[in-house]
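K.L.:
Quick one, fold the following:
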Amino acid sequence: MRMAARDSRSDFVQADSVARDGGPAEAASFISGAVAELVQLSRRHRLDMLAHLLDMAQLEADDIVRRQLTGGKF
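P.N.:
Okay, here's the model as predicted:
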């Protein structure tokens, strides 16, 4: 099963939409939650490498949230 081709226009973030989407911390938090579900799905189907890579993406998203909330200080 192949996914539909992406509309190339959707790959670009419009400058005026950035202010209305909650900012980097909210985006990273949303991504972390979405990736967590994908990690579970990949583990359930024993897609170990994919689960590992998704784990790394989730850690990165969580780190971005942490840095945004602490002003870059840990």
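
K.L.:
neighbours of residue 54, just the number please.
P.N.:
Residue 54 has 21 neighbours, counted by other CB atoms under 10 Å. Backbone N, C-alpha and C define where each C-beta goes, glycine included.

K.L.:
likewise the one 10 residues further on?
P.N.:
Counted with other CB under 10 Å, the neighbours of residue 64 add up to 17.

K.L.:
what helix or strand is it on?
P.N.:
In this assignment (DSSP states H and E), residue 64 forms part of helix 48-70.

K.L.:
List the buried residues in that helix.
P.N.:
Going by neighbour count (16 or more other CB atoms under 10 Å), the buried part of helix 48-70 is 51, 54, 55, 57, 58, 61, 62, 64, 65, 68.

K.L.:
isn't the first one right next to residue 39, touching?
P.N.:
In this case it means residue 51. Yes - counting by CB atoms under 8 Å, a contact exists between residue 51 and residue 39, whose distance comes to 5.5 Å.

K.L.:
how close does the spatially most central residue of the chain get to residue 42?
P.N.:
When CA atoms, centre = their mean is applied to the chain, the residue found nearest the centroid is residue 31 (2.9 Å). Separation of residue 31 from residue 42 (CB to CB, to the nearest Å) stands at 16 Å.

K.L.:
Okay then, goodbye and thanks.
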